[in-house]
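Next come a sequence and a model predicted from it.
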2 protein chains.
Amino acid sequence: MSDMTNTAITTFTIGELAQEFDTTTRAIRFYEDQGLISPAREGQKRIYSPADRITIKLIMRGKRLGFSLAESKELIDLYNAEDGNRMQHVRVLEQVNASRERLLQQKADIEIMLLELEEHENRIQADMKKP
Amino acid sequence: MSDMTNTAITTFTIGELAQEFDTTTRAIRFYEDQGLISPAREGQKRIYSPADRITIKLIMRGKRLGFSLAESKELIDLYNAEDGNRMQHVRVLEQVNASRERLLQQKADIEIMLLELEEHENRIQADMKKP
DNA sequence: CCCCTAGTTTACGTTAACGTAAAGGTAATG
DNA sequence: CATTACCTTTACGTTAACGTAAACTAGGGG
């Protein structure tokens, strides 16, 4: 154990997170560069908190859905905006709705593509029994 | 009417399709360059068939889901592979399953993000009533 | 005949999201 | 004490997906 004074806070190294999310340390540093995460430092070394880890998880999920890093950053900033006055709140709610609509559109696209895949699969399987 | 000998086949110009799919002629020509479509020609001019139009629709849907053009091309080739022997069929079915799994993963990601958005929205709306 | 619109090719420019290489610091380990 | 395993910064390279500009053609209108 490295430090008994620590109150048992789980932290992660950049290598651990890279492995867990099947990415590279270069990528994770790049996300920091773009302002999506700001891990603590212990000397030179980056120390990632559970919250940082969640943020990376969100980034990866965004990537799977074709979100750009800029878009993911918007979402992250959205969730991190604790200090809201009413003006901010309204804008945040608008952003939430915009994101929701995008996701629903994607969901609809997925349903269509799944149906088309199934149709195609059926045609092929029918084709395999015939000649 | 341009030609009475034509048997009433609907065709499209590149400009029409660019408008319909809210993109540019440059983009559509690029897709051709990458081998995703091969429109007919009338002299120099590209003439797009309904099938070409469907292909472009598929490309656009793919883009909304974060598919690269290479990935969309795979799907298009998948659908266009009418001339299948059994070897081909097996590979096609594998491809279909791979695509399906990807889409299901995306769908799961979307459900999670929708839930998170809703949670966040609730927190904010609760926050707006308090102080 | 001139202009306008819509098409064409060719080619260089641009942005995002890292990859890759170089050069170095640090801590444990044989 | 030298090696190994991770970490660091800096910086140039790369790929995808077009954007943008230049220069040209073809057809219809006034």
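Okay, I see it.

Where does pLDDT dip in chain A?
Chain A contains residues with pLDDT under 70 at A:1-8, A:83-84, A:87, A:131.

tell me the domain ranges of it?
Under automatic domain parsing, the residue ranges defining each domain of chain A are A:1-67, A:81-131.

right, is the shortest one up against DNA strand C?
No. In terms of C-beta under 7 Å from any atom of the strand, no part of domain A:81-131 sits within range of DNA strand C; the closest distance is 14.9 Å. In short, each C-beta sits where N, CA and C put it, glycine included.

what about the residue of chain A found nearest chain B, helix or strand, and which?
Residue nearest to chain B within chain A: A:Gly66 (1.9 Å; C-beta to the nearest C-beta). Using DSSP states H and E, A:Gly66 maps to neither a helix nor a strand.

is it true that it touches B:Leu65?
Yes. If you go by C-beta atoms under 8 Å, A:Gly66 and B:Leu65 touch, sitting 5.9 Å apart.

In terms of neighbours, single out the busier of these two.
A count of neighbours by other C-beta atoms under 10 Å in any protein chain shown puts B:Leu65 above the other of A:Gly66 and B:Leu65, at 21 against 17.

State whether A:Arg46 is indeed within a strand.
Yes. Applying DSSP: H, G, I helix; E, B strand; the rest coil, one finds A:Arg46 inside a strand.

Return the residues in contact with it.
Residues in contact with A:Arg46 (C-beta atoms under 8 Å, 6 or more residues apart in numbering or on different chains) are A:13-14, A:29, A:32, A:39-40.

how deep is A:Glu42 tucked in, by neighbour count?
12.

Output the set of residues of chain A in proximity to chain B.
For chain A, the residues in contact with chain B (C-beta under 8 Å from any C-beta of the partner chain) are A:61, A:63-67, A:78-79, A:84, A:86, A:89, A:92-93, A:96, A:99-100, A:103-107, A:109-110, A:112-114, A:116-117, A:120-121, A:124-125, A:127-128.

So which of these sit within helices?
In helices, defined here by DSSP state H, the members of these are A:61, A:63-64, A:78-79, A:86, A:89, A:92-93, A:96, A:99-100, A:103-107, A:109-110, A:112-114, A:116-117, A:120-121, A:124-125, A:127-128.

So how do I select the buried members of these in ChimeraX?
Selecting only the buried entries of those in ChimeraX, with 16 or more other C-beta atoms under 10 Å in any protein chain shown as the criterion:
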select /A:61,63,78,79,92,96,99,103,106,107,109,110,113,116,117,120,124
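
which bits of chain A sit near DNA strand D?
A:13-16, A:18, A:25-26, A:29, A:44-46.

Which member of those residues is positioned nearest B:Lys57?
A:Arg26 (36.7 Å; C-beta to C-beta).

Report the secondary structure state of that closest one.
helix.

ok, back up a step: so which of the residues of chain A next to DNA strand D would you say is closest to A:Asp52?
Of these, the one sitting nearest to A:Asp52 (C-beta to C-beta) turns out to be A:Arg46, at 8.9 Å.

nearest spatial neighbour of the residue of chain A closest to chain B, skipping sequence neighbours?
B:Gly66 (1.9 Å; C-beta to C-beta, 6 or more residues apart in numbering or on different chains).

and the one you found, how far is that from DNA strand C?
10 Å (C-beta to the nearest atom of the strand, to the nearest Å).

Then A:Glu82?
25 Å.

A:Glu101 too?
20 Å.

burial count for that residue?
Neighbours of A:Glu101 using other C-beta under 10 Å come to 10.
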